[in-house]
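Visitor: Let's see this in three dimensions:
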Amino acid sequence: SSDAQVVAVSSSYFDLASLQIAEGREIDQEDEYRFAQVAVLGAQAARGLFPGESALGQKIKVNHLWLTVVGVLQDRDLGKENFEGVSIGGDRNRVFIPLATADKRLFFESLESELDAIRISLGKQADPQRTAKTVDYLLSRRHGEQNDYELVIPAALLKQQQATQNS
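Guide: This is a model prediction of the structure:
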């Protein structure tokens, strides 16, 4: 038993969140295509579930689903859980599984949202405010003009853009 949080992610999540693998591998597109029953553990989750031994190749159970651990993240204790509105530290005690696997093999409540968060990476030339307006417009249309989501833009991006405009 563990208090680790299970998070279903796409294969691009690890790059977008700047997470590094200490052992094994990340979840990849092949895992998504095959609805693979695999998991990547945060460092704290790995220590909690398998104290004193390697988690690689071990089996864990999430609800009714058995998963094989294929990777463990590098430990990065950043001293706090978020920075400028963006979660950074919580990945240490998480169990990551492929998004497609969760969608296909785990049960969701009928009114439960399939996605809790979408993370977007911008190129260096992208305008964060303009991109945010575009994303907000698209989400608003997809959600039937319901204001049932929150759009978070890290303040560092906005400061960087303002500094670029002022120079």
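Visitor: what mean pLDDT would you report for the longest helix along the chain?
Guide: In the chain, with assignment by DSSP state H, the single longest helix is helix 128-142. Mean pLDDT, taken over the full extent of helix 128-142, equals 71.
Visitor: What is that helix packed up against?
Guide: For helix 128-142, the elements it packs on are helix 155-166, judged by 3 or more C-beta pairs under 8 Å, 6 or more residues apart in numbering; DSSP states H and E. Glycine gets a C-beta too; all of them are placed from N, C-alpha and C.
Visitor: I'd like the average pLDDT over the helix it packs on.
Guide: Per-residue pLDDT values across helix 155-166 average out to 56.
Visitor: before we move on, what about stretch 37-48?
Guide: Here the mean pLDDT over stretch 37-48 is 95, rounded to a whole number.
Visitor: buried residues in it?
Guide: Within stretch 37-48, the residues that qualify as buried by neighbour count (16 or more other C-beta atoms under 10 Å) are 37-48.
Visitor: can you list these in TSV and add secondary structure?
Guide: Listed next are the buried residues of stretch 37-48 as TSV, based on DSSP: H, G, I helix; E, B strand; the rest coil:
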residue	secondary structure
Gln37	coil
Val38	strand
Ala39	strand
Val40	strand
Leu41	strand
Gly42	coil
Ala43	helix
Gln44	helix
Ala45	helix
Ala46	helix
Arg47	helix
Gly48	helix
